[in-house]
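Novice: Quick one, what's the 3D model for this:
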Amino acid sequence: MNDKKKKIIEESIKLFAQKGLHATSIQQIADESNVSKGAFYLYFKSKEELTVAIFEYYSEIVFEKVERIASLDIEPKEKLAKQIDVFLEMLTNHKEYIIMHFRDNLQLGDQLDHFIMKMNKQSFEWTKMNLLAIYGEAIQPYLVDASIQLDGMLQGYCKNLVVHDLKVDTKELAAFIVRRLDDLVRGMITSKDHPQVTVEQLSYHNLLRQENVTDTNKVETIISSMLEKVNQTPLDKESKQQLEEAAEVIKSEVAKQNPKKIIIQGMLTHFQAIPALKADCQKIAQILTINLLLQD
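Specialist: Okay, here's the model as predicted:
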């Protein structure tokens, strides 16, 4: 990410934590970031777009670390504890991010609402994966209830860590949370209580599936247009073939239920090297709410 863009994101979140998003002006953000107001608009069209970038920035940091832990060959409960530790450590080191959540209503428009919905789904899929790895099919009826309970514990601890400026051992707290989750899950399974919320009731589950199909179609259309432009550029045969392969990787990844952003970002760098394709790369980045690795 461009250093100036990163600076704007980091300074704006401090201001949002102090003043609130609505009370912070674009000029104040520009001043704190040591850029002109005009330069701000080169990177973000509005505060809403900036807010999405903030959530995306921190979410990518966490999920990239979580994915690395997920690939480790360790016991499932230990793996979950390590992932929660990453989450807690990031939030204790970036308390302004949590304060921002508390200060303002996050319903700021379709773009942000859509991003939050996608993150909600990604969070549920992460929890679901861990729960199934630990408890197997026995947890199936209680996947949503257990996910809500874990989310509640994490949010509750995060809020109190920030509000009371608590100093804790995040590894110990993460292990403690996993043990409490174990108590809750085993209690539900043993009692055979009727599930309170099921996967079928989650409105975003089907909604995002439809939206992902739409996004896939949009990206495929742009990719096809980009390949047509590639054929009209004076590139050698090998370079054109590499771009075609990169295009196939992007289309394949976007079609997945949980596409990996880092793969798409990496493939787009091949196209960003061609000036005529930069605008198309930006369109794809906006559709998928990702940041381009190469910035002007």
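Novice: Not counting sequence-adjacent ones, nearest residue to residue 129?
Specialist: Residue nearest to residue 129 in three dimensions, not counting chain neighbours: residue 70, with 7.6 Å by C-beta to C-beta, 6 or more residues apart in numbering. (C-beta placed from N, C-alpha, C; glycine too.)
Novice: thought that neighbour was touching residue 80?
Specialist: No. Using C-beta atoms under 8 Å, residue 70 is not in contact with residue 80, being 9.6 Å away.
Novice: In terms of neighbours, single out the busier of those two.
Specialist: Taking other C-beta atoms under 10 Å, residue 70 and residue 80 do not tie; residue 80 has more neighbours (26 against 16).
Novice: these two touch, right, that one and residue 178?
Specialist: Yes. Counting by C-beta under 8 Å, residue 80 does reach residue 178; the two are 5.5 Å apart.
Novice: what stretches of this protein score poorly on pLDDT?
Specialist: 1, 94-116, 204-214, 257, 295-296 (pLDDT under 70).
Novice: Name the SS class of residue 133, please.
Specialist: Three-state assignment for residue 133 (DSSP: H, G, I helix; E, B strand; the rest coil): helix.
Novice: Contacts only, for the nearest residue to it once chain neighbours are set aside.
Specialist: Nearest non-adjacent residue to residue 133, counting by C-beta to C-beta, 6+ apart: residue 76, 4.1 Å away. Residues in contact with residue 76 (C-beta atoms under 8 Å, 6 or more residues apart in numbering) are 130, 133, 134.
Novice: Got the domain ranges for this structure?
Specialist: 1-44, 59-201, 203-287 (automatic domain parsing).
Novice: chain center to the last one, what's the gap?
Specialist: Once both centres are worked out by C-alpha atoms, centre = their mean, to the nearest Å, domain 203-287 turns out to sit 19 Å from its chain's centre.
Novice: what's the first-to-last distance across that domain?
Specialist: Domain 203-287 has an end-to-end distance of 21 Å (criterion: C-alpha to C-alpha, to the nearest Å).
Novice: re the thing from before, for the residue nearest to residue 129, give me its contacts.
Specialist: By C-beta under 8 Å, 6+ apart, the contact list for residue 70 reads 79, 83, 129.
Novice: In a markdown table: the domains of the chain, plus distance to residue 53.
Specialist: Output for these, formatted as a markdown table (distance: least, C-beta to C-beta, whole Å):
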| stretch | distance to residue 53 |
| --- | --- |
| domain 1-44 | 6 |
| domain 59-201 | 10 |
| domain 203-287 | 11 |
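Novice: Let me see the ranges of the strands in the stretch 1-150 of the chain.
Specialist: For the stretch 1-150 of the chain, applying DSSP state E, counting those that start in this stretch gives no strands.
Novice: tell me the helices in it, going along the chain?
Specialist: Taking DSSP state H, counting those that start in this stretch, the helices of the stretch 1-150 of the chain run over residues 3-19, 26-32, 37-43, 47-70, 76-93, 95-103, 110-135, 143-163.
Novice: Quickly note the distance from the residue nearest to the spatial centre of the chain to residue 14.
Specialist: Centroid-nearest residue in the chain, with C-alpha atoms, centre = their mean: residue 59, separated by 4.0 Å. From residue 59 across to residue 14, the span is 18 Å (C-beta to C-beta, to the nearest Å).
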